[in-house]
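Peer 1: no FASTA, just this:
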């Protein structure tokens, strides 16, 4: 175990330190924050043998370039299909590698996805706020936003040869359809708006950040120009402003709101939704609350089994070679 120091050669906007979040504080006006794509975040930690809630770096489409100045450490990169530049090579994300002193790592947007996750085989030395290092993007509270020229360190760093290589991707949330439960204010919308919502294709607009994702497409008409008393909102709420434009609330959403909510995206589908990019199509499927519970329970069960599988060490290179039938079909004569 040793200490490691990195400097940030470049950091795009909304590159932040995140742990699993700070739930239970909405009554105080504090968002839970945490990773946009929880599955990818937890996978990056699990494959290194970390606790799945351990602090990692969330990387936006703006990208991140790191330089290792001291020590060496094994790290994992998951999330969207980002492009990794390492030791003069260009590789895809969903991989585990070891970065040595003097080496550089570049993570930038690739073919698809909006968020990547960089987890370390060591503990990041970052600030906590309300017992969490998750960064609230608009206030900066928590571990903080990463900036060009900044340095950060890790303790208890280790090299894990037994975990190097590609990471098995989850295959249980690849459907492009997004499931949502109608309400809680669907009664404030015209009947035609409900049909439009469930039958139309929307697109992700450029107005997309950690607070919410605004959609473009047909307008969702209200019965009258109205507002409701401000009330608690949850991640996944689809609130509609007076001009009929829907916005899906995400990790850093405000704790209360006065816009009517036409529907709520189920929690298990948010991880896929947040990886959509600007101009990508979104199609909603309305389901009832019982169906939502069944889908969510099934999702959580599959996720648990997937993370358990990832956490198992692959063995050393020698052990992996010995386990393969590299000489099948060859006979040796004494």
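Peer 2: The structure has been received and is ready for your questions. Here the structure is a predicted model, which means the values were calculated and not measured. Numbering: from 1, shown residues only.

Peer 1: these two touch, right, residue 238 and residue 180?
Peer 2: Yes. Counting by CB atoms under 8 Å, residue 180 is a contact partner of residue 238 at 6.8 Å. For the C-beta atoms, the positions are set from N, CA and C on the backbone; glycine is no exception.

Peer 1: measure the closest residue in space to residue 14 that isn't next to it in sequence to residue 41 for me?
Peer 2: Nearest-residue entry for residue 14: residue 60, 4.1 Å, with adjacent residues in sequence omitted and distances by CB to CB, 6 or more residues apart in numbering. Using CB to CB, to the nearest Å, residue 60 is found at 14 Å from residue 41.

Peer 1: anything in contact with each of the two?
Peer 2: By CB atoms under 8 Å, 6 or more residues apart in numbering, residue 60 and residue 41 have no common neighbours.

Peer 1: the more surrounded of these two?
Peer 2: residue 41 (27 against 21; other CB atoms under 10 Å).

Peer 1: so the more buried one, which state does it fall into?
Peer 2: With DSSP: H, G, I helix; E, B strand; the rest coil as the basis, the three-state label of residue 41 is helix.

Peer 1: got a list of what it touches?
Peer 2: Residue 41 touches 18, 20, 34-35, 52, 56, 58, 78-79, 117, 119, counting by CB under 8 Å, 6+ apart.

Peer 1: check which residues of stretch 12-28 are buried.
Peer 2: Neighbour-count burial for stretch 12-28 flags 12, 14-22, 25-26 (criterion: 16 or more other CB atoms under 10 Å).

Peer 1: mind putting the residues you listed in CSV, pLDDT included?
Peer 2: Converted to CSV, the buried residues of stretch 12-28 look like this (pLDDT from 0 to 100):
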residue, pLDDT
12, 97
14, 96
15, 98
16, 98
17, 98
18, 98
19, 97
20, 96
21, 96
22, 95
25, 89
26, 88
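
Peer 1: so of those, which ones are in strands?
Peer 2: Those of the buried residues of stretch 12-28 mapping onto strands are 16-18, per DSSP state E.

Peer 1: quick one on the thing from earlier: ok, the residue nearest to residue 14 touching residue 114?
Peer 2: Yes. Judged on CB under 8 Å, residue 60 makes contact with residue 114 at a distance of 7.0 Å.

Peer 1: shaky segments in the stretch 1-150 of the chain?
Peer 2: 1 (pLDDT under 70).

Peer 1: okay, strands next: where are they in it?
Peer 2: 2-11, 16-18, 56-59, 64-70, 73-86, 89-92, 95-99, 104-120, 123-124 (DSSP state E, counting those that start in this stretch).

Peer 1: what's the most buried one of those?
Peer 2: Neighbour counts (mean count of other CB atoms under 10 Å) averaged over each of those peak at strand 56-59, with a mean of 28.

Peer 1: and that one, what does it pack against?
Peer 2: strand 16-18, helix 38-46, strand 104-120 (3 or more CB pairs under 8 Å, 6 or more residues apart in numbering; DSSP states H and E).

Peer 1: give me the helices and strands touching the shortest one, please.
Peer 2: Counting by 3+ CB pairs under 8 Å, 6+ apart, the packing neighbours recorded for strand 16-18 are strand 56-59.

Peer 1: and the residue nearest the centre of the chain, what does it touch?
Peer 2: Central residue of the chain (CA atoms, centre = their mean): residue 37, 2.2 Å from the mean position. Residue 37 makes contact with 79, 115, 117, 271, 274-275, according to CB under 8 Å, 6+ apart.

Peer 1: let's see it at 6 Å
Peer 2: When contacts are counted by CB atoms under 6 Å, 6 or more residues apart in numbering, residue 37 touches 79, 115, 271, 274-275.

Peer 1: nearest spatial neighbour of it, skipping sequence neighbours?
Peer 2: That would be residue 271: by CB to CB, 6+ apart, it lies 4.7 Å from residue 37.

Peer 1: let's verify the one you found: helix, strand, or coil?
Peer 2: Going by three-state DSSP: residue 271 is helix.

Peer 1: just the angle between the host helix or strand of residue 207 and strand 104-120, please?
Peer 2: Per DSSP states H and E: residue 207 is located in strand 201-208. Following axes from the mean of the first three to the mean of the last three CA atoms, to 10 degrees, one obtains 110 degrees for the angle between strand 201-208 and strand 104-120.

Peer 1: how many residues are close by residue 167?
Peer 2: 20.

Peer 1: what residues are up against the closest residue to it other than its chain neighbours?
Peer 2: Nearest residue to residue 167, sequence neighbours excluded (CB to CB, 6+ apart): residue 94, at 4.4 Å. Under the criterion of CB under 6 Å, 6+ apart, the neighbours of residue 94 are 78, 167, 169.

Peer 1: go again with 7 Å.
Peer 2: 78, 166-167, 169 (CB atoms under 7 Å, 6 or more residues apart in numbering).

Peer 1: list phi and psi for it.
Peer 2: Taking degrees, to the nearest 10, you get phi 60, psi 60 for the backbone angles of residue 94.
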